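J.: Just to be clear, the model below is a prediction. Sequence and coordinates:
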Amino acid sequence: MDRSVNLLDLALGLDEPSPLRGKVVLIEDCVETSGSFVLHQMMKRLLSPHSSDSLIFLAFARPFSHYDRVLRKLGCNLATQKTNNRLVFVDMLMMKCSDNESGVAKLFREIQGTVGKLRSVTNSNITVMVDDMSLLEIAATNSNSDHVLDFLHYCHTLTSESNCSVVTLNHEDIYSSMERPAYLLQMVCLADIVIKAEPLASGLANDVHGQLTVVNKGMISSKSGKGSSRNKLQNFQFRIKENGIEYFYPGCSRN
Amino acid sequence: MADSIFRKLRDGGEEGELAPALTVEETVASPFALDVSCYLLANLSSSILAGKSKSEGLVLVTFSQSPSFYLQFLKQKGIFVSSSSKWIRVLDCYTDPLGWIDQPSPGVITEGSSLIKLHKCVSDLKRLFSSIIEAGREMVGDGKTRFSVAIDSVNELLRHSSMPLVSGLLTDLRSHAQVSSLFWSLNTDLHQEKVTNALEYISTMKANLEPFCPSSDGKRNALENLFLVHQDFGKGRFHIRFKLRKGRVRVMSEEYHVDQTGINFSPISSVETIIAATKSLIPKASYLVHFNLQLSEKERFEKEKVVLPFEHQDHGKSTEIYDGRRTLADGKTEATPLSSGELQADVVSSGKGGEIIYFRDSDDEHPDSDEDPDDDLDI
């Protein structure tokens, strides 16, 4: 298994032990540049044989077969991880939340219960991953963003009480209109790390598929110990290949 | 300067007056209100324990972080809080603000239940007010002894309740006889300007964090500002505005720097340092200037040496240039023999007529003077 550390890993502090423990990570993307690959890369890291972390994945966008196919190309067998109880895959496409606050509350209680069960058998990091928040809003509350923010707040409580990590994907361009800026900003404020995937200013290119900006806000008296990555911003470009992603600084030759 | 707001909170207000209140404003690009709140919390706690504060207790209302986060922070600052501590009470509006959880999760602190109380209905502000006062009276009794109130963030409050209700809660707290001082934080990018203004009206002090990056131009650019910050964006300016009793306003500023241990304040650096720092923060492309409108000293000297056209008399005779400083009559008297002599010579020799009499503009005349340049026309 590839243990080399790339620029995204460095920006997230993945070269340190359990750097995302107790943190909320927000991935923002847009129509021109999808940020799903960041989710896949993080899944691969979390479920690697060198780690003992667990993952609770709430899938609103695609079925299990899609993620299984993608992660197989990256060298990770999701079916095996499910069997080993390192992966709890919640297929939200099959489930339907009721159209009020209680549906979202019930969903959170189920996640909290799952975290409790995992915590009873492992002390490793547990990550709750949501793909994606805009579909959670549609599935659960039919355009009431307040309930989604409430859900995110309660997920945030898991980071402090159960020492979990929370990773969410959100589409910035859906909410960037003047009527809805506060919703997106609320999510940004709640996050400790914001990863923004966007196209190059110069447009489409064959060799460079986009750029990532990682803002690591960190926290006072961070639980990660070293926490040297507080208040850091990094920007680099990426190229999506068949079996992985290449990251490089603008103008640098790729390895 | 940050010490001055801490002292105001520590000393409280005069009897019969509303308690001093502080709003700490942050933005998406300068999200350090939590650090400021922790700074004030640590200082207030120390002064209460040392008996140097007008208040004898502190009620901490948590919305954005867990109570254990603050207790851990105080422990790192050497202030140990146990279940038997009688100077602090925590109202936990963070763990279960909407009553979604039937039973508290294993991670919630259950020991010392009088120290931390779970509050499950943040939208009921009357009940929240009662809970805060009850927590304060648990520490100091019902008499005249006072306590301070710290609300880590009003953003969640404003999400669940209207602005008038939140303003009412804060005003009620200020008006209570046993509340010595009060502070809260707010992210101005999350709310309309009227909300920010309303809370500023209630407070006697306002502190805001300004990053070293382009200022926000409305909410639409708040996200862009976050990604425009410098690689190391934990620095900026800390502005404090005091409302004095007579209506005057006093403004003070200093610089802040945020690191793992929290926020640190320092006097404002020299202007050159700020300019140099700011230049290093802004991408170099912004300083690509294609025109240089300034003259160097050498260029200015060379310009003054230039002899203008029509002043150069290439007849081998000494050149006398009218510089505009002598009177016009003198100038004409002196200039005329020269030019007329030449004219006569030219007329005699070549038979041609005409002469050019050139008067240089006065060096004293400013380009943008109010004088009408057509005043010299003899119409």
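T.: Happy to help now that I have it.
J.: May I have the residues that are in contact with A:Pro63?
T.: For A:Pro63, the contacting residues are A:91, A:93, by CB atoms under 8 Å, 6 or more residues apart in numbering or on different chains. Where you see a C-beta, it was placed from the backbone N, CA and C, and this is true even at glycine.
J.: Quick one: low-confidence residue ranges for the stretch 151-255 of chain A.
T.: A:176-181, A:220-229, A:253-255 (pLDDT under 70).
J.: Run a quick neighbour tally on the residue of it found nearest chain B.
T.: Proximity to chain B, evaluated over the stretch 151-255 of chain A using CB to the nearest CB, is greatest for A:Glu161 at 3.1 Å. Using other CB atoms under 10 Å in any protein chain shown as the criterion, A:Glu161 is surrounded by 22 other residues.
J.: Next: A:Val208.
T.: The burial metric for A:Val208, expressed as a neighbour count using other CB under 10 Å, is 17.
J.: do the same with B:Thr196
T.: 20.
J.: any idea how far it is from B:Ser167?
T.: According to CB to CB, to the nearest Å, B:Thr196 and B:Ser167 sit 12 Å apart.
J.: Does A:Leu55 touch A:Leu47 like I think?
T.: Yes - applying CB atoms under 8 Å, one finds A:Leu55 in contact with A:Leu47, separated by 6.2 Å.
J.: tell me, what's touching those two both at once?
T.: Listed contacts common to A:Leu55 and A:Leu47 are A:81, A:86-87; contacts here mean CB under 8 Å, 6+ apart.
J.: Which ones among the residues you listed map onto helices?
T.: Using DSSP state H, the members of these that fall in helices are A:Gln81.
J.: for the shared contacts of A:Leu55 and A:Leu47, which one is nearest chain B?
T.: Sorting these by distance to chain B puts A:Arg86 at the head of the list, at 21.4 Å, by CB to the nearest CB.
J.: The closest one touches A:Pro49, doesn't it?
T.: No - here A:Arg86 does not reach A:Pro49: they are 10.1 Å apart, not a contact under CB under 8 Å.
J.: So which of those two has more stuff around it?
T.: More neighbours sit around A:Arg86 than around the other of A:Arg86 and A:Pro49, counting by other CB under 10 Å; the figures are 20 against 8.
J.: Give me the phi and psi angles of the more buried one.
T.: Torsion angles at A:Arg86 (phi, psi; degrees, to the nearest 10) stand at phi -90, psi -20.
J.: Now do it against B:Asn155, distance only.
T.: The value you get for A:Arg86 to B:Asn155, if CB to CB is used, is 36 Å.
J.: Could you do B:Ser53 as well?
T.: Following CB to CB, the distance that separates B:Ser53 from B:Asn155 is 27 Å.
J.: Mind checking which of these two has more residues around it?
T.: Residue environment comparison for B:Ser53 versus B:Asn155 gives the larger neighbour count to B:Ser53, 26 against 21, counting by other CB under 10 Å.
J.: Skipping its backbone neighbours, what lies nearest that one in space?
T.: Once flanking residues are discounted, B:Ser53 sits nearest to B:Ser47: 4.2 Å by CB to CB, 6 or more residues apart in numbering or on different chains.
J.: mind exporting the helix or strand hosting that neighbour as CSV, just the C-alpha atoms?
T.: B:Ser47 belongs to helix B:33-49 when elements are defined using DSSP states H and E. Listed next in CSV are the C-alpha coordinates belonging to helix B:33-49 (Å, rounded to 0.1, in the frame of the first residue of the first chain):
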residue,chain,number,x,y,z
ALA,B,33,-13.7,35.5,18.7
LEU,B,34,-13.3,32.2,20.5
ASP,B,35,-9.7,33.1,21.3
VAL,B,36,-10.7,36.5,22.6
SER,B,37,-13.5,35.0,24.7
CYS,B,38,-11.0,32.5,26.2
TYR,B,39,-8.6,35.3,26.9
LEU,B,40,-11.3,37.3,28.8
LEU,B,41,-12.5,34.1,30.5
ALA,B,42,-9.1,33.3,31.8
ASN,B,43,-8.5,36.8,33.1
LEU,B,44,-11.9,37.2,34.7
SER,B,45,-11.5,33.8,36.4
SER,B,46,-8.1,34.7,37.8
SER,B,47,-9.4,38.0,39.1
ILE,B,48,-12.5,36.4,40.7
LEU,B,49,-10.3,33.7,42.4
